[in-house]
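K.L.:
sequence first, then the predicted structure, then my questions.
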Amino acid sequence: GKVDAVHEKCDDGVNQSEYGGCAPGCVFGPKCGDGVVQSKFEECDDGVLAGEYGKCASKCILGPHCGDGIRQQDKGEDCDDGNHVNGDACNADCRVSGIN
């Protein structure tokens, strides 16, 4: 439960965290912002978390993007029905498409 600075990066007394805490070996476990996607816990992780269009936002969730169901006209989306399906009125690239 005490960090031995010479040998340990962390020590919470248990050191069994899978994510966001102290892992076995008294090292920090994977966490949001480390630049590695832990798919069990994160949608994305670019290490920056700026939340720009098409990028990763805080808490490792996707920022605004094509397919989120919100039309981002300033980012070139004609439509956004949130389903990423081609063949309906709004295709997977957020462009209006004809229906056969």
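P.N.:
Perfect, thanks for sending it.

K.L.:
residue nearest the middle of the chain, spatially speaking?
P.N.:
Geometric centre of the chain, nearest residue: C44, 2.2 Å, by C-alpha atoms, centre = their mean.

K.L.:
that's a helix at that one, yeah?
P.N.:
No. Counting by DSSP: H, G, I helix; E, B strand; the rest coil, C44 is not part of a helix but coil.

K.L.:
quick one: it and H65 touch, right?
P.N.:
No. Using C-beta atoms under 8 Å, C44 is not in contact with H65; the gap is 9.6 Å. No exception for glycine: its C-beta is placed from N, CA and C like everyone else's.

K.L.:
so where is the protein shaky, pLDDT-wise?
P.N.:
For the chain, the stretches with pLDDT under 70 are 98-100.

K.L.:
can you give me the strands for it?
P.N.:
With DSSP state E as the criterion, the chain has strands at 22-23, 27-28, 56-57, 61-62.

K.L.:
highest mean neighbour count out of these?
P.N.:
Among the strands of the chain, strand 56-57 has the highest mean neighbour count (mean count of other C-beta atoms under 10 Å), at a mean of 22.

K.L.:
now find how far off-centre that strand is within its chain.
P.N.:
6 Å (C-alpha atoms, centre = their mean, to the nearest Å).

K.L.:
which outside residues touch that strand?
P.N.:
With contacts defined as C-beta atoms under 8 Å, 6 or more residues apart in numbering, strand 56-57 is touched by 43-46, 48-51, 62-63.

K.L.:
closest one of the residues you listed to C26?
P.N.:
Of all the contacts of strand 56-57, C26 sits closest to D45, with 23.0 Å by C-beta to C-beta.

K.L.:
just checking, the closest one touches K55?
P.N.:
No. Here D45 does not reach K55: they are 10.7 Å apart, not a contact under C-beta under 8 Å.

K.L.:
so K75 touches Y53, yeah?
P.N.:
Yes. Under the criterion of C-beta under 8 Å, K75 makes contact with Y53 at 4.8 Å.
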